[in-house]
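A.B. asks: Kindly generate the corresponding structure for this input.
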Amino acid sequence: MFAVNVAINLPVKNLFRQFTYSVPEALQFIDSGWRVVIPFSGQKVEGFVVERVSLPSDEVLKSKLKPVEAALGDTPWFDKEMLATAKWMADYYMCSLAEAMRLFVPGKSSIKRRAVRDAQGRLLYYVYNERLQEKTVLAYRINAAGRQALAEGTLAKRAKGQHAALGVLAQAAGALSVSELAQQGVSSAVARALAQNGLADAVQKRVLRNSYNTEQERGESLQLTAEQQDAAVKINQAIDAQRAQSFLLQGITGSGKTEVYLRAAAHAVDAGWQVLMLVPEIALTAQLVKRFQAWFGSEIAVAHSKLSQNERGDVWYRMRTGKARVLIGVRSAVFAPFEKLGLVIVDEEHEGSYKEEDHRPHYNARDVARTRCRLTGAALVLGSATPDLCTYYKALQGECTHLHLTSRPNGAALPKVEIVDMRKELEARNFSVLSRALQQALVMTAAAGEQAIVLLNRRGYSTFVMCRDCGQTITCPHCAVAMVYHKKNEDLRCHYCGNTMPLPQECPNCHSRRIKYFGSGTQKAEEQLQQLPEVRVLRMDQDSTVAKFAHADILRRFADGAANVLIGTQMVAKGHDIPNVTLVGVLAADSTLHLPDYRASERAFSLLTQAAGRAGRGDRPGHVIFQTYDPDNPILQLAVTQDYDTFAKRELQERKNYFYPPFAQMLKLQVVDKDEGAGLVLAQQVVFYLQSLKLQGKLEDLLIAGPFPSLVAKAYDLYRFNVLLKAQDLKETKEALLNSEFKEKANLYFNVDPVSVI
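C.D. replies: Next up, the predicted model:
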């Protein structure tokens, strides 16, 4: 007999500890990794078995242990690697083990209970199972009597249809569904007759749902360039070696990183391994998904944010059982179970969407992937035209192998980039959001039968509404942000909490009727584009992509020629390969350069480079126009030539001077509270605690900034205060916080390696 330590699967921050339960005789098979039903705080809840432990020798203590009530599933959910990854996450991201383990379970997993009663309706016991529902269909399976009848041929003359059906069932590896039988010429009536005659068994067969299942033609295999071939060979060698080697595949836009991914994935699958490919957003990488689907067919599974809980459960089942060999998915796919993981690819590894910012734990999927590779031996490929500077620095330091793709496979040149000074446009009395040069280029592009993409990273029609008498801006009552005017619905919207309000007829402060709409969003830009001759516009932003698969539908329509101009926010700049696009216009190219965040320059350079890379990917040269009020900005000048290495050298020196990553580790503490004063007091208490430790000679190299209000100081009726911590190594700081009373504060969030400090 033994006991088990269990992590309680409840969404409660302060359940850092594990609880010990005895294991009854009937459940002696339970070991680490099992999901179980246990009594906790007066209710039956799900728990994760962390380890077996010996029963207390003290009989009194032993008698106080509550027993595990049931096991969920037929096998442990967590293998050793998954459990080790969860433990690493709990330690690194300062969360409870249960919070980390919960991420590996598809959906909001919990348990459901079914009462078993006797004939008089009295409760006998409860049966527990998972809330996930398997989809099943009616199927038929030959039994012993059917095999005997087939062998003896007793139905060959009097019931030829049933005899033939028995032959079909006998050849099958398992039960065949009604639709599968129909494909082989067996009607449902014949199948029912076999079951009624006792020659086949009617059973329920599991059907795996696949909401992204579309047939694709494989197409011709492209000839690799020398650089692509060299990269593929080195990655394939690492796959064979299974020593957890990591690579940075840095290639200019359009250099053919996807082809390298495909060859590496094919090599891994041929060698019997499974492949995980992470992408920032499935809808924005539809072409990449199609390429993989065409190559791997039914061996591929796709996990995206629109999957239902049950659909995700089917994807997890296919990967766990090896029925699928390749998984393409967004951030959460990094937690999928694998039968035999051999390769992980992280496309556009610089993207901030790999970081979970909204919910605990605040993990980065790229770094979780790196840990899973370390534990399994799988090869890791991080791909980008504009790598995260921390990843780039690792490559410079030799911590990962640096692979370069410096040219486009078809010999196409990078697009010509032109900078337009918007100050001169104002001097020329052009008050449009579109410069004269961009308007002319758009008209010429449309006339030539070509296409253009226009990027404006602001949604809505007007970005703020202000009274011209008293100067007050209309803000959201729940968030400290300006309301944005949306012309389609004639209302104001908060882009944080979604609150809407009707257009004001007068200023709520001074009651003046002199209300003015300022700024330009994608809706206003769309309106102005539609006034140009021969221009047909599609808009892609958060407002136009609410429906499931709306992103993919807009991109498909654009690629099919339904419009010749695509206007949108940053989502139009990512991952699209449309050969007919020869022009890209970036409105307000300097809009993100001056944010009070140490990564502002990196984000701006990346976005501009990625946007410019959408032009000229076919056999026609590309043209890019950056509109800016700061034309001499060095970041803009480097983006013109896509000179990442010079940008990185410059930016890394700045980071070193000011002690930012990769030269320091960073931890952001955020306090949220309905009471502004109480929130500030808690933030100040944390700072005082850390400063007192420094005075005691501990945490000597720790730098503390704050507390200060977040850039959006109030959101969803909650005030937000940040404290920023930096050190060469934050291990001692983390331990100090987790050993303090602050660990239990539900409104204090620990964000390790934040992608933004504001």
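
A.B. asks: hmm, who's touching stretch 168-182?
C.D. replies: 137-142, 146-147, 150, 165, 184-188, 191, 194, 200-201, 203, 205, 207 (C-beta atoms under 8 Å, 6 or more residues apart in numbering). No exception for glycine: its C-beta is placed from N, CA and C like everyone else's.

A.B. asks: before we move on, what about stretch 639-648?
C.D. replies: Applying C-beta under 8 Å, 6+ apart, the set of residues contacting stretch 639-648 is 250, 252-253, 385-387, 389, 392, 414, 417, 419, 604-605, 608-609, 612-613, 626, 635, 638.

A.B. asks: Can you select the buried ones from these in ChimeraX?
C.D. replies: A single ChimeraX command selects the buried members of the contacts of stretch 639-648 (16 or more other C-beta atoms under 10 Å):
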select :250,252,253,385,386,387,389,392,414,417,419,604,605,608,609,612,613,626,635,638
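
A.B. asks: Buried only: go through the contacts of stretch 168-182 for me.
C.D. replies: For the contacts of stretch 168-182, buried by 16+ other C-beta under 10 Å: 138-142, 146, 150, 165, 186, 191, 194, 200-201, 205.

A.B. asks: contacting residues for Leu396?
C.D. replies: By C-beta under 8 Å, 6+ apart, the contact list for Leu396 reads His402.

A.B. asks: what's it sitting at in phi/psi?
C.D. replies: Dihedral pair for Leu396: phi -60, psi -30, per degrees, to the nearest 10.

A.B. asks: Could you tell me how many residues sit around the nearest residue to Ala159 once chain neighbours are set aside?
C.D. replies: Computed as C-beta to C-beta, 6 or more residues apart in numbering, the closest residue to Ala159 that is not its neighbour in sequence is Ala193, at 7.8 Å. Neighbourhood size, Ala193 [other C-beta atoms under 10 Å]: 16.

A.B. asks: Any chance of the backbone angles for Ala193?
C.D. replies: phi -60, psi -40.

A.B. asks: just to revisit the earlier point, out of the buried ones among the contacts of stretch 168-182, which are inside strands?
C.D. replies: For the buried ones among the contacts of stretch 168-182, the ones inside strands are 138-142, 200-201, 205, with DSSP state E as the criterion.

A.B. asks: could the residues you listed go into JSON lines alongside pLDDT and distance to Asp541?
C.D. replies: Formatted as JSON lines, these follow (pLDDT from 0 to 100; distance: C-beta to C-beta, whole Å):
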{"residue": "Leu138", "pLDDT": "83", "distance to Asp541": "45"}
{"residue": "Ala139", "pLDDT": "88", "distance to Asp541": "46"}
{"residue": "Tyr140", "pLDDT": "90", "distance to Asp541": "51"}
{"residue": "Arg141", "pLDDT": "88", "distance to Asp541": "52"}
{"residue": "Ile142", "pLDDT": "87", "distance to Asp541": "56"}
{"residue": "Ala200", "pLDDT": "89", "distance to Asp541": "55"}
{"residue": "Asp201", "pLDDT": "89", "distance to Asp541": "54"}
{"residue": "Lys205", "pLDDT": "78", "distance to Asp541": "43"}
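
A.B. asks: Return the member of the residues you listed nearest to Leu718.
C.D. replies: Lys205 (49.0 Å; C-beta to C-beta).

A.B. asks: ok, what's across the strand from that closest one?
C.D. replies: Beta-bridge pairing for Lys205 (DSSP bridges): Val137.

A.B. asks: Now for it: which residues touch it?
C.D. replies: Lys205 neighbours (C-beta under 8 Å, 6+ apart): 136-139, 174-177.

A.B. asks: what's the distance between it and Cys510?
C.D. replies: Relative to Cys510, Lys205 is positioned 71 Å away (C-beta to C-beta, to the nearest Å).

A.B. asks: swap in Val672?
C.D. replies: Distance of Val672 to Cys510, given as C-beta to C-beta: 33 Å.

A.B. asks: What of Thr473?
C.D. replies: Distance, Thr473 to Cys510, using C-beta to C-beta: 13 Å.

A.B. asks: How about Asp314?
C.D. replies: 59 Å.

A.B. asks: Between the two, tell me which one has more neighbours.
C.D. replies: With neighbours defined as other C-beta under 10 Å, Asp314 and Cys510 compare such that Asp314 has more, 24 against 12.

A.B. asks: contacting residues around the top strand by length along the chain?
C.D. replies: In the chain, assigned by DSSP E, the strand with the most residues is strand 703-715. Strand 703-715 has contacts (C-beta under 8 Å, 6+ apart) with 478-481, 496-497, 595-596, 659, 664, 669-671, 676, 680, 683-684, 686-687, 690-691, 719-727, 758.

A.B. asks: So which of the contacts of stretch 639-648 sit within helices?
C.D. replies: 389, 392, 604-605, 608-609, 612, 635, 638 (DSSP state H).

A.B. asks: which among those gets closest to Ala446?
C.D. replies: For those, the nearest to Ala446 is Ala612 (20.0 Å; C-beta to C-beta).

A.B. asks: and Pro56, which of the three is it?
C.D. replies: coil (DSSP: H, G, I helix; E, B strand; the rest coil).

A.B. asks: residues contacting it?
C.D. replies: Contacts of Pro56 by C-beta under 8 Å, 6+ apart are 3, 62, 65.

A.B. asks: change it to 10 Å
C.D. replies: 3, 20, 22, 62-65 (C-beta atoms under 10 Å, 6 or more residues apart in numbering).

A.B. asks: Can I have the buried ones of the residues you listed as a ChimeraX selection?
C.D. replies: Entered in ChimeraX, the line below selects the buried ones among the contacts of Pro56, by 16+ other C-beta under 10 Å:
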select :3,22,65
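
A.B. asks: Report the lowest-confidence entry in the contacts of Pro56.
C.D. replies: Among these, Lys62 has the lowest pLDDT, at 74.

A.B. asks: So what does that one have for phi and psi?
C.D. replies: Dihedral angles for Lys62 - degrees, to the nearest 10 - are phi -60, psi -40.

A.B. asks: Pretty sure it sits against Leu55.
C.D. replies: Yes. In this structure Lys62 lies within contact range of Leu55 using C-beta atoms under 10 Å: 5.5 Å.

A.B. asks: Which residue ranges of the stretch 51-200 of the chain form helices?
C.D. replies: Ranges of helices within the stretch 51-200 of the chain are 59-64, 80-92, 97-102, 144-152, 160-171, 178-183, 188-196, based on DSSP state H, counting those that start in this stretch.

A.B. asks: helices and strands around the fourth one, which ones?
C.D. replies: When you say that, I think you mean helix 144-152. Packing contacts for helix 144-152, counted by 3 or more C-beta pairs under 10 Å, 6 or more residues apart in numbering; DSSP states H and E, involve strand 135-142, helix 160-171, helix 188-196, strand 200-207.

A.B. asks: Mind listing what's buried along the longest one?
C.D. replies: Judged by neighbour count (16+ other C-beta under 10 Å), helix 160-171 contains these buried residues: 162-166, 168-169.

A.B. asks: repeat for stretch 693-712
C.D. replies: 693, 699, 702, 704, 706-707, 709-710.

A.B. asks: show me what contacts Tyr363?
C.D. replies: Counting by C-beta under 10 Å, 6+ apart, Tyr363 touches 89, 92-93, 95, 99-100, 103, 331-332, 334-335, 354-356, 371, 752-753.

A.B. asks: same question but for Val4, I mixed them up
C.D. replies: 18-23, 27, 30-32, 34, 36, 38, 47-53, 65, 68.

A.B. asks: Now the buried members of the residues you listed.
C.D. replies: 18-19, 21-23, 27, 30, 32, 34, 36, 38, 47-50, 65, 68.

A.B. asks: Narrow those to those in helices?
C.D. replies: Going by DSSP H, the helices hold none of those.

A.B. asks: returning to what we had before: reformat the helices and strands packed on helix 144-152 as TSV; add distance to Lys745.
C.D. replies: Supplementary listing: these in TSV, determined by distance: least, C-beta to C-beta, whole Å:
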stretch	distance to Lys745
strand 135-142	43
helix 160-171	62
helix 188-196	61
strand 200-207	45
